[in-house]
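Enquirer: From the sequence below, what's the structure:
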Amino acid sequence: MSTAKVAIVTGAARGIGAGVAAGLAKNGYAVALIGLEGELLRQNAKAIGDRAISFEVDVTDRTSLGSAVEGTRERFGRIDAVVSNAGIANFDLLKTMSPDHFRRVMAVNVEGTFNAIQASLPHLIESKGYFLGVASIAAALAPPGMAAYGASKGATENLLNTLRAEVVHAGVDVGVAYFCWLETDLVKAGGEHPAFTYVRERLPGPLKTIAPVDLAVKAIVNGVVRRKRRVMAPGWVRWALALRWFAAGNPAAYKSQMPEIERLCAEELKKRGGADKSYISDPTRQ
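Expert: Numbering: from 1, shown residues only. From the prediction side, this is the model:
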């Protein structure tokens, strides 16, 4: 049985998750990579070396996720950290959003984190470990078209804050990560929707910028190593979060923009063939 620390990363086939798994390995962790794209996961694990293992799992499947967690424990002897990173998004107005898309976003982003908590918590209590979930600045700012994603990340934030209170006596630490737009496949896919681009490009100041993925990867790896309560990048995100009660739900900035946003959304729905075919990021791209 190994005495080195062991971490699990969900959504580890691409982007943030793949980078975090590699970064934690460089910091001495054995890592388990969990996600939907089996071949990419195996390639990532192979690149890390013998102290990596991969599991092709949908985080909404409680049984399969539980088996992956137990498989990690069996392979490496312990679990010290979990990074719940798997996530998807859609873009549509509430009045036209597909209920199936809404449910899928909530299932992956919220239930996926809930499932990861329940599957890993006994092992984290045993190791007095650390759980980090990835929320988003969208949990605070609530821009038009991102209701499902923002709601899911707000729920994720609250879920983790509650978990922190429930396990503090057991020596388990819990963190929440907040990022703005990053150069991930999720954001690139969003750029295919003209209303998404319209909304993002009209956000004030740095809120419209797209940051490199490495910024988030380094922040998460540092957060895991230091067992941080809050992980934020870029640095200005902390100030945006501090203004959340002023920004969230304040319609003034969108009053003049909403007619154009509605027009772009309507055109996109027509082009794609209805709400069921409107933009939703493919989970295999995360």
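Enquirer: List the residues that contact Glu262.
Expert: Residues in contact with Glu262 (Cβ atoms under 8 Å, 6 or more residues apart in numbering) are Leu93. No exception for glycine: its C-beta is placed from N, CA and C like everyone else's.
Enquirer: That one belongs to a helix?
Expert: Yes. Under DSSP: H, G, I helix; E, B strand; the rest coil, Glu262 sits within a helix.
Enquirer: Report the mean per-residue pLDDT for stretch 274-286.
Expert: Average pLDDT, stretch 274-286: 55.
Enquirer: Could you number the chain from 46 rather than 1 from now on?
Expert: Sure, I'll start counting at 46 from here, so that last one is stretch 319-331.
Enquirer: where does the stretch 146-295 of the chain have low pLDDT?
Expert: 226, 229-236, 249-251, 253, 255, 290-295 (pLDDT under 70).
Enquirer: For it, just list every one of the strands.
Expert: 175-179, 218-224, 275-278 (DSSP state E, counting those that start in this stretch).
Enquirer: Among those, show me which one is buried the most.
Expert: Each of the strands of the stretch 146-295 of the chain was scored by mean neighbour count; the highest is strand 175-179, a mean of 26, by mean count of other Cβ atoms under 10 Å.
Enquirer: That one: partners in the sheet, and parallel or antiparallel?
Expert: As defined by DSSP bridges, the strand partners of strand 175-179 come to strand 126-129 (parallel), strand 218-224 (parallel).
Enquirer: Save those as TSV, and put in distance to Ala57 too.
Expert: As requested, the strands paired with strand 175-179 are exported to TSV (distance: least, Cβ to Cβ, whole Å):
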stretch	distance to Ala57
strand 126-129	8
strand 218-224	15
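Enquirer: Looking at the ones you listed, which is nearest to Ala152?
Expert: The closest of these to Ala152 is strand 126-129. By Cβ to Cβ, the value is 13.7 Å.
Enquirer: and Ser301, how many residues sit next to it?
Expert: Ser301: 9 surrounding residues under other Cβ atoms under 10 Å.
Enquirer: does it count as helix, strand or coil?
Expert: Here Ser301 is coil, with the state taken from three-state DSSP.
Enquirer: mind checking pLDDT for it?
Expert: At Ser301, pLDDT is 88.
Enquirer: State the distance from it to Cys310.
Expert: 16 Å (Cβ to Cβ, to the nearest Å).
Enquirer: Next: Thr117.
Expert: With Cβ to Cβ as the criterion, Thr117 and Cys310 are 42 Å apart.
Enquirer: now do Leu286
Expert: 27 Å.
Enquirer: ok so, going back, for Asp125, find the nearest of the strands of the stretch 146-295 of the chain.
Expert: If you check each of the strands of the stretch 146-295 of the chain against Asp125 by Cβ to Cβ, strand 175-179 wins as the nearest, at 7.0 Å.
Enquirer: right, and Val150 touches Ile133 too?
Expert: Yes. Val150 lies in contact with Ile133 (Cβ atoms under 8 Å); the separation is 5.8 Å.
Enquirer: picking that back up, between Leu286 and Cys310, tell me which one has more neighbours.
Expert: Using other Cβ under 10 Å as the criterion, Leu286 and Cys310 rank with Cys310 on top: 25 against 18.
Enquirer: Contacts only, for that one.
Expert: Counting by Cβ under 8 Å, 6+ apart, Cys310 touches Asp137, Leu138, Thr141, Gly190, Ala240.
Enquirer: 6 Å - rerun?
Expert: The contact partners of Cys310, by Cβ atoms under 6 Å, 6 or more residues apart in numbering, come to Leu138, Ala240.
Enquirer: Which strand or helix spans it?
Expert: Assigned by DSSP states H and E, Cys310 falls within helix 303-317.
Enquirer: chain center to that helix, what's the gap?
Expert: Helix 303-317 has its C-alpha centroid displaced from the chain centroid by 27 Å (Cα atoms, centre = their mean, to the nearest Å).
Enquirer: CA-only coordinates of that helix in CSV, if you can.
Expert: Provided in CSV are the C-alpha atoms of helix 303-317 (Å, rounded to 0.1, in the frame of the first residue of the first chain):
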residue,chain,number,x,y,z
MET,A,303,-32.1,42.2,-24.6
PRO,A,304,-34.0,42.9,-27.9
GLU,A,305,-30.9,42.0,-29.8
ILE,A,306,-30.2,39.0,-27.6
GLU,A,307,-33.7,37.8,-28.1
ARG,A,308,-33.4,38.3,-31.9
LEU,A,309,-30.1,36.4,-32.1
CYS,A,310,-31.5,33.5,-30.0
ALA,A,311,-34.6,33.3,-32.1
GLU,A,312,-32.5,33.1,-35.3
GLU,A,313,-30.3,30.5,-33.8
LEU,A,314,-33.2,28.3,-32.7
LYS,A,315,-34.7,28.5,-36.2
LYS,A,316,-31.4,27.6,-37.8
ARG,A,317,-30.8,24.7,-35.4
